[in-house]
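Visitor: quick one: sequence plus predicted model below, questions after.
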Amino acid sequence: MRVKMDLKEIGFKCGIEVHQRLGTECKLFCSCRNEAFGEAPPTGIVKRRLHAVVGELGKVDPAAAFEAARGKEYEYQVFEGSSCLVELDEEPPHPLNHEALDIALSVSLMLNCTPVDEAHVMRKTVVDGSAVSAFQRSALLATDGKLETSRGSVGIQSVAVEEESSGIVEKKGDATVYRLDRLAMPLIEIATAPEIQDGQHAKEVAEALGTLLRGTGKVQRGLGTIRQDLNVSIHGGAKVEIKGAQELEFLAALIENEAKRQHELLQIKEELQRRSSGLVGPVIKDVSNLFAKTKVGLLAKGLSSGGSALAVRLSGFEGLLGRELMLGHRLGTELSDYAKARAGVKGLVHSDENLSKYGFSQEEVQELEHELGLASGDAWVLIVDGKERAHTALEAVLARAQQCFHGIPPETRRAEGEKSVFLRPLPGAARMYPETDIPPVRITDGHLMALMKKLPPTYEERRKQYLELGLNEELANLVLRKADFALFERLLETGAEPVLIATTLTETWRALRRQGLNPDAVPEESLKELFEEHAKAKLTRAGTHALLEGLAREPGAEPHELVQRLDLKRRSGKALAELVEGYGGKSGLFEAIMRDHRLRVDGQELKELLEKPAQ
């Protein structure tokens, strides 16, 4: 649900970082294949624990320290051919992939950016487990570009090439399992200036950048190959980064919900400062004895399994923990998110909730308030878990509650539909330091001039070409925005009708996905054979689509074998005349034949045959 508010009045600022996997043959710093292995089993397992280290500025990055403090174990699945000793951080990286470099530089030129003279690879500390080495390699390639939109130009601050993170498989308690086939795939990162005006404008910018990237014909396609990170702030606040916004339909609401969340946090700050100057003597107390005979299910279950009930007083927070920051997300949710991220607890209970829904008795609540020393205007938070884990979680709650007196904490959040949840503190400059194993790459004027001569057509140039091929405006835009238009252009070489190819890659593609099929799994050679058969008048339009459905169900099948098995061969000429004769001239002949042979008979040819005067 979208939130309506005056973004200009609250000083809204927003920028986007688009991350797109590049369609290179190899990974960014080794010769492994640049492809994921899907459901294939791993050939090996490696386990690690990661630690934060001092960066180039002599400080430990706060985001790195936060993740390292969780003490988690990480398990990495290794796949032969797509992961090697470089991914495992047991071998120095190989030279920067020049194919990836050229793609990213070409995109920079298309965005009117100024390329750097030398590309220097940097290490960026990442200790959430997504990189075995505890850092991600990145190289700045260009700055100061612009993207034209319907609401004016938006600045492009930077274009970089960097490593993709590992793919997460599952979480098992305190351990997380990752796949290394995705690690170090080449990514291009495009960062805009904070000049996006609202959520709809952000969606337009993301779509425009995605279209430009697809226009190179050298990026990967499919779910997870492109994502947007958002940077959002308002007057009096701090920059908040929202990672992993993949679904464009949620982008506008996600951004505007974040603006509302920040606005509400500033209102809470003002209210707290009127009430108090900060938390007063917060002490975490073990209150398990108060609930020895409790009827509250979550408490009874936690205590009976050896856990402890710990609680803390939040001075001045009465009525604020239940205050809604955005739809379905309250200040209490913020505290809970910090507790979950820091200690891995399942959640918390606080005094602004409807406690009767949990089964708390009035006596239990009064005894808890007395034990914590609550005064008028105070609130409390309760967590049930292992004692050490619960204590760590409440420390995170207290830290977040104290931040409420100062406004909006700079943090990294994770997109979840139209809302976001806390992930970790916002990283700072201390996370960056040079990669000493890779020499700088000189970017010469001659290199750039050669790339300029090979830049792909723009969106408008391609759209004009498609219109000349017979596509209407709507279909041309669909191919460019929703389909693999590079595949469309390659399939034109089969001689099939452009409109048929276009409708197949858009409408038929969408219909097959709704059936739970994956047309993207059909090999390109099979698609070419399919359209070549149609171009030779051996398949009808309906038969072509039926054959595609068969191939989507059996991606490894041979098209000519499926044509025979599904009886899709077109009846034309003499064969069609013999088919008509078999119906004996009965009334409603056209409808009857098309009903029985829709996949094998072209309607126009049949109509012309039936209208032909008898000899």
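Guide: It's in. Here the structure is a predicted model, which is why all the values come from computation and not from measurement.
Visitor: list the contacts of stretch 241-258.
Guide: By CB atoms under 8 Å, 6 or more residues apart in numbering, the residues outside stretch 241-258 that reach it are 1-5, 7, 14, 196, 198-200, 202-203, 206-207, 223-224, 226-232, 240, 326-327, 329, 411-415, 417-420, 423, 426. Yep, even glycine has a C-beta here, placed from its N, CA and C like the rest.
Visitor: restricted to buried residues, select the residues you listed in ChimeraX.
Guide: Once 16 or more other CB atoms under 10 Å is used to decide burial, the buried members of those can be selected in ChimeraX as follows:
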select :3,7,14,196,198,199,200,202,203,206,226,227,228,229,230,231,232,240,326,329,411,412,413,414,415,418,419,420,423,426
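Visitor: list the buried residues for stretch 464-482?
Guide: By neighbour count, with 16+ other CB under 10 Å as the criterion, the buried positions of stretch 464-482 are 466, 471, 475, 476, 477, 478, 479, 480.
Visitor: looking at the most centrally placed residue in the chain now. What's its pLDDT?
Guide: With distances taken as CA atoms, centre = their mean, residue 246 lies nearest the centre of the chain, 3.3 Å away. Residue 246 carries a pLDDT value of 85.
Visitor: and it, how far from residue 485?
Guide: Here residue 246 is placed at a distance of 20 Å from residue 485 (CB to CB, to the nearest Å).
Visitor: related to what we said a few turns ago, what would the buried residues of stretch 464-482 look like in a markdown table with pLDDT and distance to residue 402?
Guide: Converted to a markdown table, those look like this (pLDDT from 0 to 100; distance: CB to CB, whole Å):
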| residue | pLDDT | distance to residue 402 |
| --- | --- | --- |
| 466 | 96 | 58 |
| 471 | 96 | 60 |
| 475 | 96 | 57 |
| 476 | 95 | 56 |
| 477 | 91 | 51 |
| 478 | 92 | 52 |
| 479 | 92 | 54 |
| 480 | 89 | 51 |
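Visitor: thought residue 491 was touching residue 527, still the case?
Guide: Yes: with the criterion set as CB atoms under 8 Å, residue 527 and residue 491 qualify as a contacting pair; they are 6.3 Å apart.
Visitor: check which helix or strand the closest residue in space to residue 42 that isn't next to it in sequence maps to.
Guide: Setting aside the residues directly before and after it, residue 42 is nearest to residue 77 in space (CB to CB, 6 or more residues apart in numbering), at 3.6 Å. Assigned by DSSP states H and E, residue 77 falls within strand 73-78.
Visitor: same question for residue 464.
Guide: Element membership of residue 464 [criterion: DSSP H and E] is helix 459-468.
Visitor: where in the protein is the helix or strand with the lowest mean pLDDT?
Guide: Ranking every helix and strand in the chain by mean pLDDT, DSSP states H and E puts helix 62-68 at the bottom, with a mean of 61.
Visitor: where does residue 172 fall, phi/psi-wise?
Guide: Note on residue 172: backbone dihedrals following degrees, to the nearest 10 are phi -120, psi 90.
Visitor: for beta bridges, what are the partners of it?
Guide: Under the criterion DSSP bridges, residue 172 forms beta bridges with residue 175.
Visitor: what about it, neighbour count?
Guide: 10 (other CB atoms under 10 Å).
Visitor: give me the distance between it and residue 75.
Guide: Applying CB to CB to residue 172 and residue 75 gives a distance of 8 Å.
Visitor: count the neighbours of residue 331 for me.
Guide: Applying other CB under 10 Å, we find 25 other residues in the vicinity of residue 331.
Visitor: which ones are touching it?
Guide: By CB under 8 Å, 6+ apart, the contact set of residue 331 is 265, 268, 320, 321, 322, 323, 325, 404.
Visitor: what bridges to the residue nearest to residue 239 when sequence neighbours are not counted?
Guide: On the basis of CB to CB, 6+ apart, the spatially nearest residue to residue 239 that is not a chain neighbour turns out to be residue 233, at 4.8 Å. Here residue 233 shows beta-bridge partners residue 13, assigned using DSSP bridges.
Visitor: just say helix, strand or coil for residue 424.
Guide: Three states are possible here, and by DSSP: H, G, I helix; E, B strand; the rest coil the one that applies to residue 424 is strand.
Visitor: identify the residues contacting residue 510.
Guide: Contacts of residue 510 (CB under 8 Å, 6+ apart): none.
Visitor: against residue 520, how distant is it?
Guide: Distance from residue 510 to residue 520, counting by CB to CB: 12 Å.
Visitor: check residue 477 too.
Guide: According to CB to CB, residue 477 stands 21 Å off from residue 520.
Visitor: phi and psi next, for the residue nearest to the centre of the chain.
Guide: As for residue 246, its main-chain torsions (degrees, to the nearest 10) stand at phi -90, psi -30.
Visitor: mind pulling up the pLDDT for residue 234?
Guide: The predicted structure scores residue 234 at 96 on the pLDDT scale.
Visitor: revised request: answer the last question for residue 55.
Guide: The predicted local confidence for residue 55 comes out at a pLDDT of 60.
Visitor: repeat that for residue 51.
Guide: Note on residue 51: pLDDT of 67.
Visitor: I'd like the numbering to begin with 43 instead of 1 from here.
Guide: Let's use 43 as the start, then, which means that last one is residue 93.
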